[in-house]
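Student: Pasting a predicted model and its sequence here:
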Amino acid sequence: MNDVLKKIEELTIAHDKISPSLVKEKDIKLGLRNADGTGVVVGITTKGRVLGYEKNANGEKVSIEGKLYYCGYDIENIVKEITMRNTFGYDEVAYMLLTGELPAESDLRNFSDDLVKRRSLSKQERSVIMEEVQNDNQMYALHSVISHLGRCDSNPDSTDIKDVSRQCINLIAKFPTIVAYNYNVNRFRHGEDLMMIRPRNDLSTAENFLYMLKGEVPDKNEAQLFDIALVLHAEHGGGNNSTFTVRTVSSSGANTYMAIAAGIASLSGPLHGGANESVMKMMKDLKKNVKDWSEESAIEKYLIDVFEGRAFDHSKKIYGLGHAVYTLSDPRAIILKERAREFSKRKNAFDEFTLYENVEKIGTRILSERKGVPIRANVDFYSGFIYKMMGIPQALFTPIFAMARVAGWSAHRLEQIVQGKIMRPAYVAADTKERAYTKLVERKN
């Protein structure tokens, strides 16, 4: 068996690796990216718009301050309004993404009431978690639950907008319950007491998740910060890997559960959803190697070693810095950084916040100088730190991302069904020469 595996490995590398010259010659858009790093346009959406650069008169990229819009509304203004109202905003954002419009007070109240009614899991849905999903990896567990939920639906394969809307609202409502239950059931399997707390009707989406996870009603300020994190992660345009995956699977006519499960599968990859976990692991390793957190030269040496592959995971990546679209700034990172600053003071963790700030300052300078383009912190750089201060387990960082993004995934699924075109990109053959088929007895080892 080992000989077979070795042969497959060798032949796979020999035949499947393509040279940069061939990519250039055939004008292949690897990763659906153009030569200048911009994304290949494959569709149109009303849901999210991400801006990090402009094109000048010569067609060249010009860096600009990052902007993120949900259905045309600036995310900074959305967060500012939610903060000024001293309330919770995730339900409002979910409604807006699904419909394309800001809800009137009565619409928001009705939508939130509907989410409240749908939060609790049925006996059959709970049995999926208790009896069938046994996995320490919380993203694997989440994927399994969502893919199984189709059998709890009387009409799972309908692509009628009314049915898909019902399914999407169901999932938006139940995701926090599922994520909290998955984690607590897994703890139970490892010897802890079983804790499956029913969601409360008088708590917001953010409050309910923290309540179900920890067993006590959270401090309102902490829950509002968590709500802002959910709002910032709810949508990011159609081109990010998981949303594009949801749209691709939806375009085939697959049902809602399969499409959302595909998005979860995409998000489970470390290059997309696991970045804030990687930041936390990197910072833990930095603390082992840099004893004096105020010594900037030691921080710089460590980050250079990371970038050059001598330290941490040898990936040559300084996690949490840089973005495929944003150049001068990621608006989500700016919002979370300021809240992390204030929250760290309340949690007696301001020294650690200062360390993060120094890593951001030094790391972005190193990367900008070495790569010749502006590099800034992205949303993942501070989100994990905030979750850590809240006492949220690291294993839940990516499931929380999915819990927030299911609103955006659902909105894009609905949009894809309305647009109704199956995605079928082209792949260019590496070699167009026909090979002579030889008889089995004539083939050499």
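Tutor: Thanks, I have it. Numbering: from 1, shown residues only.

Student: center of this structure - which residue?
Tutor: residue 273 (4.1 Å; CA atoms, centre = their mean).

Student: where's it relative to residue 17, distance?
Tutor: 27 Å (CB to CB, to the nearest Å). No exception for glycine: its C-beta is placed from N, CA and C like everyone else's.

Student: With residue 201 instead?
Tutor: When residue 201 is compared with residue 17 (using CB to CB), they lie 56 Å apart.

Student: Same question for residue 328.
Tutor: Plainly put, residue 328 is 35 Å away from residue 17 if you go by CB to CB.

Student: before we move on, what about residue 42?
Tutor: 25 Å.

Student: ok, which stretches of the stretch 201-350 of the chain are helices?
Tutor: 205-214, 220-233, 241-251, 256-267, 275-289, 296-307, 331-346, 350-371 (DSSP state H, counting those that start in this stretch).

Student: host element of residue 84?
Tutor: Using DSSP states H and E, residue 84 maps to helix 75-85.

Student: Residue 50 now?
Tutor: Per DSSP H and E: strand 48-55 holds residue 50.

Student: ok, now residue 69?
Tutor: Using DSSP H and E, residue 69 falls in strand 61-70.

Student: Dump that strand to PDB, keeping only the CA atoms.
Tutor: C-alpha atoms of strand 61-70 as PDB (Å, rounded to 0.1, in the frame of the first residue of the first chain):
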ATOM      1  CA  LYS A  61      -4.500  50.100  -8.900                       C
ATOM      2  CA  VAL A  62      -4.400  53.000  -6.500                       C
ATOM      3  CA  SER A  63      -4.700  52.200  -2.800                       C
ATOM      4  CA  ILE A  64      -7.500  53.800  -0.800                       C
ATOM      5  CA  GLU A  65      -8.800  53.600   2.700                       C
ATOM      6  CA  GLY A  66     -10.900  50.500   3.000                       C
ATOM      7  CA  LYS A  67     -14.700  50.600   2.800                       C
ATOM      8  CA  LEU A  68     -17.300  47.900   3.400                       C
ATOM      9  CA  TYR A  69     -21.000  48.400   2.400                       C
ATOM     10  CA  TYR A  70     -24.000  46.200   3.200                       C
END
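
Student: Which strands border that strand, and is each parallel or antiparallel?
Tutor: Here strand 61-70 has these sheet partners by DSSP bridges: strand 48-55 (antiparallel), strand 73-74 (antiparallel).

Student: Deepest-packed of these, please.
Tutor: Neighbour counts (mean count of other CB atoms under 10 Å) averaged over each of the strands paired with strand 61-70 peak at strand 48-55, with a mean of 18.

Student: Tell me how many other residues crowd residue 214.
Tutor: Look at residue 214: counted by other CB atoms under 10 Å, it has 16 neighbours.

Student: Looking at residue 42 and residue 17, which is more packed in?
Tutor: residue 42 (14 against 8).

Student: OK, contacts around the closest residue to that one other than its chain neighbours?
Tutor: Setting aside the residues directly before and after it, residue 42 is nearest to residue 32 in space (CB to CB, 6 or more residues apart in numbering), at 6.8 Å. Neighbouring residues of residue 32 by CB atoms under 8 Å, 6 or more residues apart in numbering: 39, 40, 42, 239, 425.

Student: In PyMOL, select just the buried ones from the residues you listed.
Tutor: The PyMOL selection below is limited to those of the contacts of residue 32 classed as buried (16 or more other CB atoms under 10 Å):
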select buried, resi 39+239
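
Student: Could you dump the contacts of residue 32 into CSV with secondary structure and pLDDT added?
Tutor: Formatted as CSV, the contacts of residue 32 follow (DSSP: H, G, I helix; E, B strand; the rest coil; pLDDT from 0 to 100):
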residue, secondary structure, pLDDT
39, strand, 88
40, coil, 90
42, coil, 91
239, coil, 92
425, coil, 89
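
Student: Now distance to residue 395 too, for the contacts of residue 32, in JSON lines please.
Tutor: Formatted as JSON lines, those follow (distance: CB to CB, whole Å):
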{"residue": "39", "distance to residue 395": "31"}
{"residue": "40", "distance to residue 395": "35"}
{"residue": "42", "distance to residue 395": "34"}
{"residue": "239", "distance to residue 395": "28"}
{"residue": "425", "distance to residue 395": "35"}
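
Student: For residue 252, state which of the contacts of residue 32 is nearest.
Tutor: Comparing the contacts of residue 32 against residue 252 with CB to CB places residue 425 closest, at 13.2 Å.

Student: Setting the sequence-adjacent residues aside, check what's closest to that closest one.
Tutor: Distances taken as CB to CB, 6+ apart put residue 42 closest to residue 425, at 7.4 Å, once the chain neighbours are dropped.

Student: From residue 256, how far off is that neighbour?
Tutor: For residue 42 relative to residue 256 (CB to CB), the value is 22 Å.

Student: Just confirm residue 401 contacts residue 275, I think it does.
Tutor: No - using CB atoms under 8 Å as the test, residue 401 is too far from residue 275 to be in contact (9.1 Å).

Student: of the two, who's got more company?
Tutor: Using other CB under 10 Å, the more surrounded residue of residue 401 and residue 275 is residue 401, with 26 against 23.

Student: burial count for the closest residue to residue 275 other than its chain neighbours?
Tutor: Nearest residue to residue 275 in three dimensions, chain neighbours excluded: residue 380, at 3.8 Å (CB to CB, 6+ apart). When neighbours are counted by other CB under 10 Å, residue 380 registers 27.

Student: Near residue 297, how many other residues are there?
Tutor: Neighbours around residue 297, by other CB under 10 Å: 10.

Student: Who are the contact partners of it?
Tutor: Counting by CB under 8 Å, 6+ apart, there are no residues that residue 297 touches.

Student: So that it lines up with my notes, have the first residue be 44 from now on.
Tutor: Sounds good: first residue 44 from here, last item residue 340.

Student: Could you tell me how far it is located from residue 397?
Tutor: Using CB to CB, residue 340 is found at 16 Å from residue 397.

Student: One more: residue 60?
Tutor: 44 Å.

Student: Mind telling me which of the strands paired with strand 104-113 the model trusts least?
Tutor: Here the lowest mean pLDDT among those goes to strand 91-98, at a mean of 94.

Student: what about the stretch 194-343 of the chain, any weak spots by pLDDT?
Tutor: Nowhere does the stretch 194-343 of the chain drop to pLDDT under 70.

Student: need the contact list for the spatially closest residue to residue 291 that is not a sequence neighbour.
Tutor: Of all residues not flanking residue 291 in the chain, residue 466 sits nearest, at 4.8 Å (CB to CB, 6+ apart). Applying CB under 8 Å, 6+ apart, we find residue 466 in contact with 85, 290, 291, 294, 295.

Student: Emit the PyMOL select command for whichever of those are buried.
Tutor: Selecting the buried subset of the contacts of residue 466 in PyMOL, with 16+ other CB under 10 Å as the burial test, is done by:
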select buried, resi 290+291+294
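
Student: Lovely, talk soon.
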